[in-house]
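1. Show me how the following folds:
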Amino acid sequence: MVHRIKQFLFKNFYHSFAWTYDFIAELVSIGRWNEWIQSILPDIQGKCILEIGHGPGHLQELLMHEKRIIIGLDESRQMGRLTKRRLGSAGHFKFNLTRARAQSLPFVENTFDTVFSTFPTEYISDVQTLSAVNRVLHKDGRLIVLPAAWITGQKILDKIAASLFKITGQTPAFSAGIVSEQIKSQFEKAGFKTEFKTKVLNSSIVLIVIAGKPAGIQYLDCQLKT
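-> Numbers count the residues shown, from 1 in each chain. Predicted coordinates for the structure are as follows:
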């Protein structure tokens, strides 16, 4: 029952109530949300980049300033609208946004240097998602995921925020080590070689997963499947 309630809340959070996303994210993280998601940026490599679950488009906007081919994918039509609005307000009128499910990525194989996702829901460990990511990555590309954050501050607001994050699942009840082992098992079954690192940020810790494919040939073109 709890799982069904959480699924219902997340579905509406990303769809009907997508316009509340930024406010809620900043509220429950006590202003740390953007710092958390930006912590993944140094690990994004290469020319052709795909973000799965771009949400309201904060990282899409930041990456648009770089000389890369950036594609954002999200299943939510509402999130797509928010991102288009954000990019347009920032003066970016040429962008690549795709509405699709992560389990069925609409791109040809060997397209991307990096595929990344921040705070994805359970779909990121779905066998179909990992198979699709494996297919569209270059042979030496990698999947970067920021699955969770832990608020470690001892102030009363920090403790309240930490409790809220446990309820939503953004902060698992287990330690980073245990979560890493669970993800490692899921990702390596799909053929990825995984490593993990944690970053300490403003009385909090984020976990970053780096899942790479065996070294191989690079392809330099980004293509959408037609």
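2. in stretch 140-158, what counts as buried?
-> Of all the residues in stretch 140-158, those buried under the rule 16 or more other C-beta atoms under 10 Å are Gly141, Arg142, Leu143, Ile144, Val145, Leu146, Pro147, Ala148, Ala149, Trp150, Ile151, Asp158. Using the backbone N, CA and C atoms, a C-beta is placed for each residue, glycine as well.
3. next one: phi and psi at the fourth one?
-> It stands for Ile144. phi -110, psi 130 (degrees, to the nearest 10).
4. And for the second one?
-> Arg142 adopts backbone torsions of phi -150, psi 150, taken as degrees, to the nearest 10.
5. Hmm, Glu75 and Arg101 touching each other?
-> Yes: counting by C-beta atoms under 8 Å, Glu75 is a contact partner of Arg101 at 5.2 Å.
6. Widest-spaced pair of the buried residues of stretch 140-158?
-> Across the buried residues of stretch 140-158, the longest distance by C-beta to C-beta is 36.8 Å; it joins Gly141 and Asp158.
7. Strands of the protein, residue ranges please.
-> With DSSP state E as the criterion, the chain has strands at 48-52, 69-74, 96-99, 112-118, 137-151, 193-200, 204-212.
8. Can you get me the centre-to-centre distance for the fourth one and its chain?
-> I take that to be strand 112-118. With C-alpha atoms, centre = their mean, to the nearest Å as the basis, strand 112-118 stands 8 Å off its chain's centre.
9. Report the helix or strand with the lowest average pLDDT across this structure.
-> Least confident helix or strand, the chain: helix 2-14 with a mean of 53, by mean pLDDT, DSSP states H and E.
10. Contact partners for the residue most central in space within the chain?
-> Residue closest to the average C-alpha location in the chain (C-alpha atoms, centre = their mean): Ser117, at 1.8 Å. Residues counted as contacts of Ser117 (C-beta atoms under 8 Å, 6 or more residues apart in numbering) are Glu51, Ile52, Gly53, Ala102, Ile124, Leu143, Ile144, Val145, Leu146.
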